[in-house]
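**Q** Any chance you could fold what I've pasted below:
(chains A and B)
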Amino acid sequence: MSGFFASDPVRTALVAGGLTAVVSGVVGVFVVLRGQSFAGHALGDMGTLGGSAAYLANVSPLWGYVGVGAVVAAAMELFGVQRRRERDVATGIVLGATLGLSALLLYLDSTSSSTTGVAASVLFGSLFAFAPSALPETTALAAAALVVVAAVFRPLLLSSIHPELASVRDVPVRGVATVFIVVMGVTVSLASTVVGTVLSPALLVGPSAAALRLSRRPGAAMALAAVLGIAATWLGVTLAYASHDWPPAHQGWPISFFVVAIVFVIYAVTESVGPRAAGRGRPDATVEAQTPLAGTPTAGTAQVR
Amino acid sequence: MTVSGDRLGMPDDHPKAASVGGRAPDAARPALTLTDAEVLGVDDIVVSLGGRRVLDGVSFALCPQEFVGLIGANGSGKTTLMRVVLGLLKPDSGSVRRADRRVGYVPQKVAIDPDIPLRARDLVALGVDGERFGLRLPSRARRARVDEMLEAVDATAFADGRIGELSGGEQQRVLIAHALVGDPALLVLDEPLANLDIRSGHEIVELLARLKVERNLAVLLSAHDMNALLPHMDRIVYLADGRAAAGTVGEVVRSDVLSELYRYPVRVLDVDGTLVVIGGHEVSVR
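**A** Reported below is the predicted structural model:
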């Protein structure tokens, strides 16, 4: 294990992965709370376009992810396509077209000799190949995301509970929502550098969903989600490093596999042992709503007719 | 006299019927100002949504310590009228005057997921400063205010429980505390009894009747059934077809007034104190 911390790629991976896990945990709690995990998936998929274009232009893939992520996020809020039911078909077609374009760019990437394995790297991540020169940018983006979430925390929380509770208090609900989804775009971009565009939503939503089951306060859920995310990422890095000695090829298994597998295990465990699992079920509002009510004018009129 | 005429302050036992307030073409009304006693004045509100006239000349007023029920069937314009009162929707014409910018509001169908990590006291604290940007520091004064408000709505016992895991009636209490912690003069509730069992509904109405006195509050509550409110309702605003009749229950819930409002013959039956409105062809409408 002495070689573990001496390795530059490992140190870079631990720092970049840890930063990303913290931001994902904090932002992810709001994503789950607001029911926007579908938007997270869409942003991840769209990021493929930015990542593949960045390789073609020979710039850091992070900027490709962030560029596309922020623009797409703002556009999604403007057109109101974040939730699954909204503009379902339009979203599906635009997502498909974006991934199709990504396929072309990834093909062009593979034909240029400078890079190999770009497709796997963009889609599924390659944290050990994370350029140390990109660490300052990653740190700055992570810090910016956390500062913005802290700034809009209360209005965002209030409008996530019920938009009208916020709007009667003169909260600019749409403005706050737009700011948040751009932060989400940046967060998904950071997660894409760790586990790839396809798996980035898992890192965004998984630890947060687990933490939500175990906490009673939003701040506590965010702290726990960050800790769970760091644990998954660092354990994933460690296992990936150790797997260089594993069969079949002795080349090391992908970090992304370990991280996402650990996130899944954490979620599955909290799902089965969390306080909600053993507690009473959801309140059955439908039964209560059917309580007959006397004296409604429409009902009375209908009877006579 | 129009519906809103009861701002003249008719006594409860006045036998005179309220008349339906449509748009009075001859009423060259002067711009009304809020009298000192009023918390809310709504004048001749007209709202069209998607080409349909949802509100067609609705007027009423609210004074402190008045409990007013806004009664109407689904689609009668209750929620639209509430949005106008709250300033969330601008009417095509007419005016809303509020004595106090702050209005406490309990929206319809606040479905808080059991998985949301938010304690009852957290939601009440958001009623103090939820619109502010930036992180907040712990404050003893805020905590005391939240505790006092939770106590006032009898929610102390479940103050530290997840809101999503509370019963419907408990959630309503917490939402009322959230709305009142800023000490507004007017509390607006959109269908707060809709998903409650009968007992919880009565408890919420009792609570509101107590709070209106304790906190010098005007309460505007919408419901599709008036009967749960009858023991405590000071006045009624009855909405049908975008038009309103306002006054005491005795003035408004009468066969002649409601027939004119519905533009259809209806009868009001008093069944052991429960008021039932049914269609009645035999009622002649002048």
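
**Q** pLDDT weak spots in the chain?
**A** If you meant another chain, say so; for now it's chain A. Residues of chain A meeting the criterion pLDDT under 70: A:1-2, A:80-90, A:113-116, A:249-250, A:274-305.

**Q** Not quite, go with chain B.
**A** In chain B (pLDDT under 70), the answer is B:1-36, B:281-286.

**Q** what comes up buried for the longest helix along it?
**A** In chain B, ranked by residue count with DSSP state H as the criterion, the top helix is helix B:198-214. Residues of helix B:198-214 classed as buried by neighbour count (16 or more other C-beta atoms under 10 Å in any protein chain shown): B:200-205, B:207-209, B:211-212. The C-beta positions use only the backbone N, C-alpha and C, and glycine is treated the same way.

**Q** which strands and helices sit next to that helix?
**A** Where contact means 3 or more C-beta pairs under 8 Å, 6 or more residues apart in numbering or on different chains; DSSP states H and E, helix B:198-214 is packed against strand B:67-71, helix B:168-180, strand B:186-189, strand B:218-223.

**Q** now residue A:228, nearest residue through space, not along the chain?
**A** residue A:207 (4.0 Å; C-beta to C-beta, 6 or more residues apart in numbering or on different chains).

**Q** is it true that the one you found touches residue A:24?
**A** Yes. Using C-beta atoms under 8 Å, residue A:207 is in contact with residue A:24, at 6.9 Å.

**Q** any residues in contact with both of those two?
**A** Common contacts of residue A:207 and residue A:24 (C-beta atoms under 8 Å, 6 or more residues apart in numbering or on different chains): A:225-226, A:229.

**Q** Select from the residues you listed the one having the most neighbours.
**A** Within those, residue A:229 tops the neighbour count with 33 neighbours, counted by other C-beta atoms under 10 Å in any protein chain shown.

**Q** That one: what's it in contact with?
**A** Taking C-beta under 8 Å, 6+ apart, one finds A:20-22, A:24-25, A:28, A:203, A:207, A:263 in contact with residue A:229.

**Q** Okay, strands next: where are they in the stretch 1-150 of chain B?
**A** Using DSSP state E, counting those that start in this stretch, the strands of the stretch 1-150 of chain B run over B:40-49, B:52-62, B:67-71, B:93-98, B:103-106.

**Q** can you tell me which of the ones you listed comes nearest to residue B:175?
**A** strand B:103-106 (4.7 Å; C-beta to C-beta).

**Q** Is there proximity between the closest one and chain A?
**A** Yes. Among the residues of strand B:103-106, B:103, B:105 lie within reach of chain A under C-beta under 8 Å from any C-beta of the partner chain.

**Q** Which residues of the stretch 51-200 of chain A lie near chain B?
**A** A:150-155, A:157-158, A:161-162, A:164-171.

**Q** Just the buried residues of the residues you listed.
**A** Neighbour counting by 16+ other C-beta under 10 Å classes A:152-155, A:157-158, A:161-162, A:164-169, A:171 among these as buried.

**Q** and these, which of them are in helices?
**A** Using DSSP H, these in helices are A:152-155, A:157-158, A:161, A:164-167.

**Q** Cross-check the contact I'm expecting between residue B:107 and residue B:192.
**A** No. Judged on C-beta under 8 Å, residue B:107 makes no contact with residue B:192 at a distance of 9.4 Å.

**Q** and residue A:97, that one's in a helix?
**A** Yes. Counting by DSSP: H, G, I helix; E, B strand; the rest coil, residue A:97 is found in a helix.

**Q** Nearest to chain B among the shared contacts of residue A:207 and residue A:24?
**A** When the shared contacts of residue A:207 and residue A:24 are ranked by distance to chain B (C-beta to the nearest C-beta), residue A:225 comes first, at 10.4 Å.

**Q** helix, strand or coil for that closest one?
**A** With three-state DSSP as the criterion, residue A:225 reads helix.

**Q** Farthest-apart pair in the contacts of residue A:229, please.
**A** A:22 and A:263 (14.6 Å).

**Q** Between those two, which is the more surrounded one?
**A** Neighbour count, other C-beta under 10 Å: between residue A:22 and residue A:263, residue A:263 has more, with 27 against 22.

**Q** quick one: what helix or strand has the closest residue to the more buried one other than its chain neighbours in it?
**A** The shortest distance from residue A:263 to any non-neighbouring residue, by C-beta to C-beta, 6+ apart, is to residue A:206 (3.7 Å). According to DSSP states H and E, residue A:206 maps onto helix A:200-214.

**Q** How about that helix, which residues are buried there?
**A** Neighbour-count burial for helix A:200-214, counted by 16+ other C-beta under 10 Å, picks out A:200-214.

**Q** all strands for the stretch 101-250 of chain A, in order.
**A** Counting by DSSP E, counting those that start in this stretch, the stretch 101-250 of chain A contains no strands.

**Q** buried ones in stretch B:111-122?
**A** Burial within stretch B:111-122, assessed by neighbour count using 16+ other C-beta under 10 Å, is assigned to B:112, B:114-122.

**Q** can you list contacts of it?
**A** A:29, A:32-33, A:157, A:161, A:212-213, A:215-218, A:220-221, A:276, A:282-283, A:285, B:146-147, B:150, B:155, B:158-166, B:170-171, B:174, B:177.

**Q** Generate a ChimeraX selection restricted to the buried entries among those.
**A** Typed into ChimeraX, the next command selects the buried ones out of these (criterion: 16+ other C-beta under 10 Å):
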select /A:29,32,33,157,161,212,213,215,216,218,221,276,283 /B:146,150,155,158,159,161,162,163,164,165,166,170,171,174,177
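
**Q** Distance from the chain centre to stretch B:214-228, please.
**A** Stretch B:214-228 sits 5 Å away from the centroid of its parent chain (C-alpha atoms, centre = their mean, to the nearest Å).

**Q** Next: stretch B:56-67.
**A** Distance of stretch B:56-67 from the chain centroid (C-alpha atoms, centre = their mean) equals 9 Å.

**Q** End to end on it, go ahead and measure it.
**A** 24 Å (C-alpha to C-alpha, to the nearest Å).

**Q** host element of residue B:275?
**A** Per DSSP H and E: strand B:274-279 holds residue B:275.

**Q** Return the set of buried residues in that strand.
**A** B:275-279.

**Q** Kindly report the same for stretch A:9-22.
**A** Buried residues in stretch A:9-22 (16+ other C-beta under 10 Å): A:9-10, A:12-14, A:16-22.

**Q** next one: that stretch to chain centre, how far?
**A** 16 Å.

**Q** contact partners of it?
**A** A:4-5, A:127-132, A:134-135, A:138-139, A:142, A:146, A:190-191, A:193-194, A:203, A:207, A:226, A:229-230, A:232-234, A:236-237, A:241, A:255, A:259.

**Q** what do you get for stretch A:65-77?
**A** Contacts of stretch A:65-77 (C-beta under 8 Å, 6+ apart): A:39, A:42-43, A:46-47, A:49-51, A:53-54, A:82, A:141, A:174, A:177-178, A:181-182, A:184-186, A:188-190, A:192-193, A:197.
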